[in-house]
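> Okay, sequence plus prediction incoming.
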Amino acid sequence: MSFRPRFLLAVLLALAACQDPPPPPPEPAQAARPSAPQRRYFGGTPDGKLHVYFFDVGQGDAALIVSPDGYTALVDTGPASAADHLVNRLPELLTQRLDLVVLTHPHADHHGALEPVIKRVGARQLLEPQLGATPKAYDALLGAVASQGVEFISPSPSPATPNALQRLPLGAGVSLTVLWPRAPTERLLDVPEAALEANSVILRLTYGDTTVLFMADAHARTEEHLLARNAPMQATLLKVAAHGTDGATSAAFLSAVSPRAAVISAGDGNLMGAPSPATLERLKAAGTQVFRTDEHGEVQVVSDGKTLVVTPQRLPPGVPEDTRYSYPGLGAPALAPLNAGAAKRPYSMSLEGPDTARPGTPRNTPRPRVDSNTVTVGAYVGSINSDVFHRPTCRNVMKIKPGNLVTFTNRQEAKRNNRRPAKDCNP
């Protein structure tokens, strides 16, 4: 009798004994517990102030808005060469994906880094001007972004209120108003040599008495059209159009906007020669202090609703590192005291260092006047014979007799006096 079968059986039994016991049967499935929302990034918590970051992206535009409640909007993404910088910088400022991305127009220096930015930080919505005859590469880019679940929205006014400006709320007290384009309510501007620039998305960011006007690559025709339709353009800080090239930013436009400060986004030694000496001269004549990304690097702006504080990344030699520039909002007088009991000084001043206004900068900024017999007025104007209030630059204010003129430092004061916004200037 052979022993082989018994031997094989013994070996198999020994191997089975050495193996791990079979796993227990799975327990009945349980409902998943909801987990607390996780922050993907490490930006700071909302601090009750409005923050705007004008990034140094070379020859291009990119700016991030963070509202007091933490809502975020990215206005343009700069050229493709800015992608590495933005995918590292943005997470430092965000705690969640972007609420809104705005592409002002289909030029690569304004949207070149869009796709890597969206892949890195995400976005809920994207607003773009929806123009015709756009480059194929731009259309392909939008298709790629749409495939990532980003919702597209239009700058067009609501059909229910076609005459009203579209407002994009960014939390309590903060709104981003689309001034242009307004198709189909208003036809796009026909500028054959610069149709995309002329129909750039123009935005006005408002928080309390402080306002920032984003002019994208607006053309001179854009400014003329906004002036003709009396669009609300007065602003504490102006994002200068078209990187400061000549043509836009006219004297008439600056008179209507009356900015206390301006930011120019341009690359060092760019082939466009931006900003042009003529544009800089007009800004200087308007008493507007200029910050340039090619000279100052990233420019940060913080508002508490009453005052804008500008912090450039780089300062001129000899200027203290902790220097800040403070600008009172639209309801404040052009001259503001440096501190209690001090003599009045220009609004362009350092909060923590000496006066750092650039040499040759005019010391006073002209503010809007109602007529030659009145002094500078507040942020809003009305008549004792009317229940509406206007912006000081509204043309209908000229019809108010000086003896009937009343002024309000802000919207709340006007409403407390039973006034409603005038429809002609949308204050």
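Yes, it's here.

> can you give me the helices for the stretch 101-250 of the chain?
Taking DSSP state H, counting those that start in this stretch to define them, one finds helices in the stretch 101-250 of the chain at 108-111, 114-121, 136-146, 195-198, 220-228.

> Please name whichever of these is nearest to Pro79.
Closest approach to Pro79 among the helices of the stretch 101-250 of the chain (CB to CB): helix 108-111, 4.6 Å. C-beta here means a position set from N, CA and C on the backbone, and glycine is covered the same way.

> Give me the packing partners of that closest one, helices and strands only.
Counting contacts by 3 or more CB pairs under 8 Å, 6 or more residues apart in numbering; DSSP states H and E, helix 108-111 packs against strand 72-77, helix 136-146.

> what's in contact with it?
Here helix 108-111 makes contact (CB atoms under 8 Å, 6 or more residues apart in numbering) with 59-62, 76-80, 103-104, 137-138, 141, 216-217.

> Looking at the helices and strands packed on helix 108-111, which is nearest to Arg420?
Closest to Arg420 of the helices and strands packed on helix 108-111, according to CB to CB: strand 72-77, at 28.3 Å.

> Adjacent strands (with direction) for that closest one?
Its sheet considered, strand 72-77 pairs with strand 62-66 (antiparallel), strand 98-102 (parallel) by DSSP bridges.

> Could you export the first one as CSV, CA atoms only?
Taking only C-alpha atoms (Å, rounded to 0.1, in the frame of the first residue of the first chain), the coordinates of strand 62-66 have been written out as CSV:
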residue,chain,number,x,y,z
ALA,A,62,-5.5,89.5,-12.6
ALA,A,63,-7.2,90.7,-9.4
LEU,A,64,-8.9,88.9,-6.5
ILE,A,65,-11.8,90.3,-4.5
VAL,A,66,-12.5,88.9,-1.0
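
> For stretch 418-427, buried residues please.
Residues of stretch 418-427 classed as buried by neighbour count (16 or more other CB atoms under 10 Å): Arg419, Pro421, Ala422, Cys425, Asn426, Pro427.

> Stretch 64-84: end-to-end distance?
Start-to-end span of stretch 64-84 (CA to CA, to the nearest Å) is 16 Å.

> and what of stretch 252-265?
22 Å.

> as a whole number, average confidence for it?
For stretch 252-265, mean pLDDT is 97.

> re the thing from before, out of the helices and strands packed on helix 108-111, nearest to Thr206?
Using CB to CB, these put strand 72-77 closest to Thr206, at 13.1 Å.

> which other residues reach that closest one?
So strand 72-77 is in contact with 60-66, 86, 90, 94, 96, 98-104, 110-114, 117, 123, 168, 170, 176, 203, 214, 216, going by CB under 8 Å, 6+ apart.

> change it to 7 Å
61-66, 86, 94, 98-104, 110-114, 117, 170, 176, 203, 214 (CB atoms under 7 Å, 6 or more residues apart in numbering).

> Determine the next helix or strand in the C-terminal direction from that strand.
Following strand 72-77 in sequence order, the next helix or strand is helix 83-89 (DSSP states H and E).
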